[in-house]
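Student: next come a sequence and a model predicted from it.
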Amino acid sequence: MKKNIILVATILFSASIISQNKGLVANAQSPYSKLQSVGLEDVKWTDGFWKEQFDVETKSTLPYMWDLYHNDSISHAYKNFEIAAGESKGTFKGPSFHDGDFYKIFEGMAATYAVTKDKKLDAEMDKAIALFAKVQRKDGYIHTPVLIDERWGTLGPEEVKKQLGFEKYNMGHLMTAACVHYRATGKTNFLDIAKGVADYLYDFYKKASSELARNAICPSHYMGIVEMHRTTRNPKYLELANNLIDIRGTTNDGTDDNQDRIPFRQQTTAMGHAVRANYLYAGVADLYAETGEKKLLDNLESIWDDVTYRKMYITGACGALYDGVSPDGTSYNPTDVQKIHQAYGRPFQLPNATAHTETCANIGNVLWNWRMLQITADAKYADIVELALYNSVLSGISLEGTKFCYNNPLNVSKDLPFKQRWSKEREGYIALSNCCAPNVTRTVAEVNNYAYSFSKDGLYVNLYGSNTLKTTMPDGQKIEIEQQTNYPWDGKIVLKIIKAPKEAQAFFLRIPGWSQGSSISLNNKRINDEVVSGTYFKINQKWKKGDVIELNIPMPVELMQANPLVEEIKNQIAVKRGPIVYCLESDQLPAGISINEVVLNANSQFTTSFTELNNRKLLTINATSRNSQDYSWDKKLYQPISSKSAKEYSLNLIPYFAWGNKGKGEMTVWMSH
């Protein structure tokens, strides 16, 4: 079966041809992908929410991060490359994933360049690429902790331990960044370095023992190596991607934390470290797009059900636990029970104040669901992309774009008598583990690439926001569209045809799964066909310049409840409007009232109004709450319910992603009612 899979790739391969697909993922020739990406430069934000966010990216986040990672008094990432290249003498400093963090920022710069064509960005990237080339070993290997040791005469760690040092993780981000850079600029200088890395990995995994080849943590190289195959059409890279899955879970030292205690083809539920897990699932989805191996898709769908219906937060965040064990509570045998960290927990185990919910895990959820959407064209995956982007990804960055969260709790309480590893406030640089800041930097730069997809049948509209699309369809027809909307604050979306394809073409509009009662009109005439939530609505006809499609999605304020098996929030409610989850901050409360004592009035009128916070326009929700100020929990674990009447007061809820931008305080998503 596997030989036949590789044969398919070999037939497609031509050594002299480099793929011309210029999307975020180059899946135009992926035989089992139903959708394919539009070009990196094809979509430009013009107004509204994502234009504001992209402006923050280009004016604040990207320059801040680029400078930060060149400042060796704070981050030693770029300095490590200089030392490894022999430009200066020194030792490696920083976390072992420092290289990968720099590649992520670089990828964000390349994606930004694709849209802005800023020559300064191009020059900065060329300078960094020249340094990477000096660092790279003749056999293609590049990992600064090892190369610094080799150059300056100190012995690096033994080979097996390198696999747990983010070596392959760094290489994976290098390959992905190089592919994006090639598509954004047309230059092959970084892609040539990435080919060396991919060739090194191919040779390494061919010769290494099972123990030595045990997969590295955070397997970004799965996505990276498949993207190298797509970009170069070299079949040995696809062979390597298959091999990575084949050897996974075949050694005796595998762990649930690393998703390799058992082979992937035996895994049907999410386990272990949430970033590693979501990166793995995204990489396997990429592999399925090339091979069509049914078992891979079956397992991915089973794991997706487990995450989405039993282990994911209302914000799209993943990874409930700071620390735990696996399996939990099912075995006395200490050899069976393993420690896990920053991980998925048991089904319905979703704490709020102690939620880990690392920003990188939430970005991994976007990467995974985006790939599931590409291979299935099922709108439910786009719903999760949207949910995570608006809530648990953007919560990882301040409104001003220069401070970041490692984790994203759904409750912050000053009275909790313990501290955890990560701050409950955003920081400009998170010492020892700043991986999330570079990841959110590249993600925000690339959101425009999620807005549309192609299929053989037409154009899919996945995300809404004011933009222009200028692209060439797979059949060669040119199309230009202008989208106007105030989404996510308003559900009216207008798509205007600026340049129409010559032949009939289908439009597929995503009808969000959270919505009810959406309506669609064409040139001011309502379409009477049923509009089904959680699907794509198809409009197929011959178009002309000036045609207008209008989609109206009602956005009432909704009170959300959790499955009663989620113990921590039983009989509590959260507030959601459209794709946005809301929260309450303590600056809205009377003095002496804790965030955990709030009783939200479920019969509030729930009016909305706009406010400005740190130069960002936000839609807030006004409600009322009741609370008895007679309670004191000092030295009390339990007490009778008060019979005194509660006092009612007004409060204002803000989007969850904007919490913590007004200074230190308490916050909660879930409230009693």
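Tutor: Right, received. Where do you want to start?
Student: any stretches of the stretch 551-673 of the chain with poor pLDDT?
Tutor: Scanning the stretch 551-673 of the chain for pLDDT under 70 picks out the ranges 628-630.
Student: how about the helices in it?
Tutor: With DSSP state H, counting those that start in this stretch as the definition, the stretch 551-673 of the chain shows no helices.
Student: quick one: residues contacting residue 460.
Tutor: Residues near residue 460 by CB atoms under 8 Å, 6 or more residues apart in numbering: 35, 377, 452, 453, 454, 508, 510, 536. In this view, the C-beta of every residue, glycine as well, is placed from N, C-alpha and C.
Student: if we use 10 Å, what do you get?
Tutor: By CB atoms under 10 Å, 6 or more residues apart in numbering, residue 460 lies in contact with 34-36, 38, 373-374, 377, 379, 382, 451-454, 506-510, 536, 538.
Student: name the SS class of it, please.
Tutor: Under the three-state scheme (DSSP: H, G, I helix; E, B strand; the rest coil), residue 460 adopts strand.
Student: ok, back up a step: quick check: ChimeraX command selecting the buried ones in the contacts of residue 460.
Tutor: Here is the ChimeraX command that selects only those of the contacts of residue 460 that count as buried (16 or more other CB atoms under 10 Å):
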select :34,35,36,38,373,374,377,379,382,451,452,453,454,507,508,509,510,536
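Student: out of the contacts of residue 460, name the ones that lie in strands.
Tutor: In strands, defined here by DSSP state E, the members of the contacts of residue 460 are 36, 452, 453, 454, 506, 507, 508, 509, 510, 536, 538.
Student: out of these, which comes closest to residue 610?
Tutor: residue 510 (25.5 Å; CB to CB).
Student: what's opposite the closest one in the beta bridge?
Tutor: Beta-bridge partners recorded for residue 510 (DSSP bridges): residue 536.
Student: that one contacts residue 487, doesn't it?
Tutor: No. Between residue 510 and residue 487 there is no contact under CB atoms under 10 Å: 11.5 Å.
Student: what touches both of these two?
Tutor: Common contacts of residue 510 and residue 487, defined by CB under 10 Å, 6+ apart, comprise 463, 464, 551, 553.
Student: which of these fall within strands?
Tutor: Within the shared contacts of residue 510 and residue 487, residues falling in strands by DSSP E are residue 551.
Student: in a markdown table, list the shared contacts of residue 510 and residue 487 along with neighbour count and distance to residue 606.
Tutor: Listed next are the shared contacts of residue 510 and residue 487 as a markdown table, based on neighbours: other CB atoms under 10 Å; distance: CB to CB, whole Å:
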| residue | neighbour count | distance to residue 606 |
| --- | --- | --- |
| 463 | 23 | 26 |
| 464 | 28 | 23 |
| 551 | 23 | 24 |
| 553 | 27 | 18 |
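Student: which parts of stretch 37-48 are buried?
Tutor: Of all the residues in stretch 37-48, those buried under the rule 16+ other CB under 10 Å are 37, 38, 39, 40, 41, 42, 43, 44, 45, 48.
Student: list just the nearest of the ones in strands among the contacts of residue 460 to residue 574.
Tutor: Closest approach to residue 574 among those (CB to CB): residue 510, at 23.3 Å.
Student: residue 555 versus the closest one, what's the distance?
Tutor: 15 Å (CB to CB, to the nearest Å).
Student: rewinding a little: looking at the ones in strands among the contacts of residue 460, which is nearest residue 88?
Tutor: residue 36 (44.2 Å).
Student: my guess is that closest one meets residue 457, correct?
Tutor: No. Contact criterion CB under 10 Å: residue 36 and residue 457 do not qualify, at 11.9 Å.
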